[in-house]
Every structure is written in structure tokens, then in C-alpha cells.
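K.L.:
Can you look at this prediction? I've put the sequence above it.
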Amino acid sequence: MAVKRVLHRVVNEPRLLLAVLVADFLLASGLYWAIEGTGPVASMWWAIVTGTTTGYGDYSPVTTAGRGVAVLFMLSMLLLVLCAGAHFTRAVLHDPDAFTDAEQREMLGLLRENNALLRLQVEHDHGPQALEQALAPVHHPRQQEHP
């Protein structure tokens, strides 16, 4: 459950997602540096080129462990970039005038309350059967006869 909560937070909080993206780059470049024996600048270059799927090919892992790091890094970046794209899309397509679920529930409650008050008023003014008689054509439409 703890892993699910952490993943949910990372996916749904843009700042946390950005922090994880940066940490992923730093971790991958650090592991590449340690495993492949390149310098810090070359390792960061490799992480940026690999993580953005540019793939110039000037640096690539030679060891099995380095290739394993590369595969995990590519997969993690794929997922993280998809999450970032979803955040961007949601921000661009967000409709500030759209009703929230809470607003819709509030409106439904008000409509039900108004409906009850109107029913009471009609029954008070015209008798208990007036509303049913007025709504009968709506609730029980006449059957059309077919020739």
C-alpha cells in the first residue's frame, strides 16, 4: 500500500514529479559514471541524451550492469515523461467553467428541494390530485395506433 500511495503522489503532484525526474537523471548518470568509469560531464550527457530518447550514440554502456542501468533508466523515463505529458495536457485542456462533482451534487440537492417545494405548493393551491393529472401525459404518453 505504501508504494501505491507514493506512486499516486508522484503521478498527481507536478512538483514531486519534476523532482523525481531530476533525481532519475542524477541517479542514472551517477550509476553510469560508477559502472562505466566515465567522467561526471560525460555521464550527465549520456543520461540527458538517453533519457530524452535522442540517442546520439557517442556514449553507450559497454558492461552488462551498465546496460541494465540503461534499460531501467529508459523505462523509467518513458513512464515519467508520459506522466508529465498528462499533467501538461490536463493543464492546457482544463475548463475553469466546468462544474466540479461537489457543485453538481449541490445543484442536484437544490433541484430536489425546489421540486419538493413546488409539489407542496401545487397540492396546496389545487388539491392533491392536480399534480398527477398535470403530469399524466408526461409519465404515461398515449400509445399511437398503427394502421
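P.N.:
Perfect, I can see it now.

K.L.:
Can you name the next helix or strand after the helix or strand where Ala116 lies?
P.N.:
Secondary-structure assignment from DSSP states H and E places Ala116 in helix 101-126. In the C-terminal direction, the helix or strand that comes right after helix 101-126 (DSSP H and E) is helix 130-139.

K.L.:
what's that next one packed up against?
P.N.:
helix 101-126 (3 or more Cβ pairs under 8 Å, 6 or more residues apart in numbering; DSSP states H and E). Where C-beta positions appear, they are placed from N, C-alpha and C, glycine not excepted.

K.L.:
centre of the chain versus the helix it packs on, how much separation?
P.N.:
Here the centre of helix 101-126 is set off from its chain's centre by 34 Å, with Cα atoms, centre = their mean, to the nearest Å.

K.L.:
Kindly report the same for stretch 17-35.
P.N.:
How far stretch 17-35 lies from its chain's middle: 25 Å, per Cα atoms, centre = their mean.

K.L.:
change the start of the numbering to 39 and stick with it
P.N.:
Fine by me, first position is 39 from now on; the one you just mentioned is stretch 55-73.

K.L.:
Residues touching it, excluding its own?
P.N.:
Applying Cβ atoms under 8 Å, 6 or more residues apart in numbering, the external contacts of stretch 55-73 come out as 48-49, 76-78, 80-82, 84-86, 88-89, 99, 101, 103-104, 107-108, 111, 114-115, 118, 121-122, 125.

K.L.:
Return the subset of those lying in helices.
P.N.:
Among the contacts of stretch 55-73, the residues falling in helices (DSSP state H) are 48-49, 78, 80-82, 84-86, 88-89, 103-104, 107-108, 111, 114-115, 118, 121-122, 125.

K.L.:
quick one: least confident helix or strand in this protein?
P.N.:
Among the secondary structure pieces of the chain, namely its helices and strands, helix 168-177 has the lowest mean (mean pLDDT, DSSP states H and E), a mean of 76.
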